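>>> Return atomic coordinates for the entry below.
(one chain, ligands or ions: 2)
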Amino acid sequence: AAAPVVAQDLAGLRVVVSAGGTREPIDPVRFIGNLSSGRQGIALACAAQDRGADVTLVGANLTEPLDGVADVVRVGSTAELRESMRLLAPDADVVVMTAAVADFRPARTPASKIKKVPGQGPAPIELVENPDILAELARERLRPGQVVVGFAAETGDDTGDVWHHGRAKARRKGADLLVINPVGHGKGFGTDTNEVLIVDAHGETVAQAQGTKREVADAVWDTVLKASPPISS
Ligand code: CTP
Ligand code: CA
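Ligands and ions are numbered 1, 2, ... in the order given. The predicted structure follows:
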């Protein structure tokens with residue numbers, strides 16, 4: 001059967017999407033990582049490509065199928081992800097950070113493997129904070145007029161629910177759009193469906209979406225289209 005016709009409503013748009021989870025080296029053979037599959041980011045890149053955008057996917061340790069996304073830059077650590085994003089952002093009309101970025105990294109990474117010392121317990125690993133790539137991109141706007149989009153996987157806690165934390169994060173980050181995704185209890189990470197709220201930099205709701213990661217991806221692009229000036233092409 002012929003492929004279904006998809007409206008080319010993102011034609012002329014240059015987009016960069018980060019996906020996956022960064023790994024912070026402890027020594028040459030070990031790392032601190034996270035469980036992000038990268039599937040939501042791959043779905044965003046794929047949806048944009050299908051809708052005619054010129055897409056680069058910056059993939060941090062992706063093992064999931066890339067679903068035909070043509071242009072992929074592979075990175076490992078947060079430092080590498082940051083470097084690639086900052087290199088690509090000056091040419092991008094839209095940057096989307098779906099990658100799960102390690103908040104902290106080991107302060108030192110010895111050039112040789114850390115050994116057990118008989119009779120001694122484990123040595124503590126000192127951590128330092130990573131730069132906030134999304135907040136930097138939002139603050140610096142490496143291309144004028146660029147739309148900057150972040151993702152926030154949240155659980156509620158004693159101090160507030162998912163939406164409270166998501167709105168506060170939107171105000172902190174300064175991205176034009178923040179996609180808030182409730183996780184935990186079988187939601188979000190590693191699953192096939194998502195339910196999200198899209199808020200602006202003030203934490204005000206601009207859209208809601210639920211469904212497969214592809215459906216959520218299409219809803220995000222619909223929202224980006226509404227938020228950005230008309231595409232000149
Ligand atoms: N992000 C980033 N650089 C970091 C941390 C996060 O670019 N060092 C981006 C993520 O890619 C995502 C957004 O910021 O788009 C939100 O990530 P999240 O981990 O939810 O936010 P944090 O500010 O790290 O807050 P938390 O304490 O909840 O982890
Ligand atoms: Ca974090």
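>>> What ranges in this protein fall below the confidence cut-off?
Within the chain, the ranges that satisfy pLDDT under 70 run 3, 185-192, 228-233.
>>> Around ligand 1, pick out the residues from it.
Residues of the chain found near ligand 1 (Cβ under 6 Å from any ligand atom) are 97, 99, 101, 103, 130, 132-134, 150-153, 169. Where you see a C-beta, it was placed from the backbone N, CA and C, and this is true even at glycine.
>>> Okay, and which of these map to strands?
Met97, Gly150, Phe151, Ala152, Ala153 (DSSP state E).
>>> Pull the contacting residues for the third one.
Meaning Phe151. Gln40, Val96, Met97, Thr98, Leu178, Val179, Asn181 (Cβ atoms under 8 Å, 6 or more residues apart in numbering).
>>> make it 7 Å
Residues in contact with Phe151 (Cβ atoms under 7 Å, 6 or more residues apart in numbering) are Met97, Thr98, Val179, Asn181.
>>> Can you show me the helices along this structure?
39-50, 78-88, 133-140, 162-173, 213-227 (DSSP state H).
>>> Nearest residue to the middle of this protein?
For the chain, Thr98 is the residue whose C-alpha lies nearest the centre (Cα atoms, centre = their mean; 1.3 Å).
>>> and it, what is it in contact with?
For Thr98, counting by Cβ under 7 Å, 6+ apart, the contacting residues are Val17, Ser18, Ala19, Gln40, Gly41, Leu44, Phe151.
>>> do Ala219 as well
Ala207, Ala209.
>>> which one is Leu127 nearest to, not counting chain neighbours?
In this structure, Leu127 finds its nearest non-sequential neighbour in Phe104, 3.9 Å apart by Cβ to Cβ, 6 or more residues apart in numbering.
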